[in-house]
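Trainee: sequence and predicted structure, then a few things I'm wondering about:
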Amino acid sequence: MDAGVVAAPVDATAENKIHSDVMLFNRWTYDDVQINDISVEDYITATASKHPVYMPHTAGRYQAKRFRKAQCPIVERLTNSLMMHGRNNGKKLMAVRIIKHAMEIIHLLTDQNPIQVIVDAVINRCTLMIGA
């Protein structure tokens, strides 16, 4: 082994910079998304550090094992739910386009990050299901 070779120290901010560059549809960042409900935090994937996606089309096999569906990004799960009826079956690009336009409308009307609005909607729905 060569004594003159020294490993360069790894900068932790470099890893965070990589994740801050990941933006959904190249418009909305995952950095300011917060999951305020601790009970659903493990089941909502909306952070770039876990699974960074630029578009909600990962073509992943999330049903192969139990609870792997929780690793699917929340925006992709919303996109997949639009493809459930017979006439929309398998048309994922159309569903992605619908989600993109809906997120642009949410951003224009509320001036908030649409990913945060989707996460808040899922959390509100979960608390309604638990309370019923």
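Mentor: Right, received. Where do you want to start?
Trainee: leaving out sequence neighbours, find the closest residue to Thr58.
Mentor: Glu76 (6.1 Å; C-beta to C-beta, 6 or more residues apart in numbering). All C-beta atoms are positioned from the backbone trio N, CA, C, and that covers glycine.
Trainee: ok but the one you found is inside a helix, no?
Mentor: Yes: membership of Glu76 in a helix is supported by DSSP: H, G, I helix; E, B strand; the rest coil.
Trainee: run through who's touching stretch 24-34.
Mentor: Contact with stretch 24-34 is made by 19-20, 22-23, 46-48, 52-56, 75, 100, 103-104, 107, 113-116, 119, as judged by C-beta atoms under 8 Å, 6 or more residues apart in numbering.
Trainee: hmm, 6 Å instead?
Mentor: Ser20, Met23, Ala46, Thr47, Ala48, Lys100, Asn113, Pro114, Ile115, Gln116 (C-beta atoms under 6 Å, 6 or more residues apart in numbering).
Trainee: pull out the buried positions in that stretch.
Mentor: By neighbour count on 16 or more other C-beta atoms under 10 Å, the buried set for stretch 24-34 is Leu24, Phe25, Trp28, Tyr30, Asp31, Val33.
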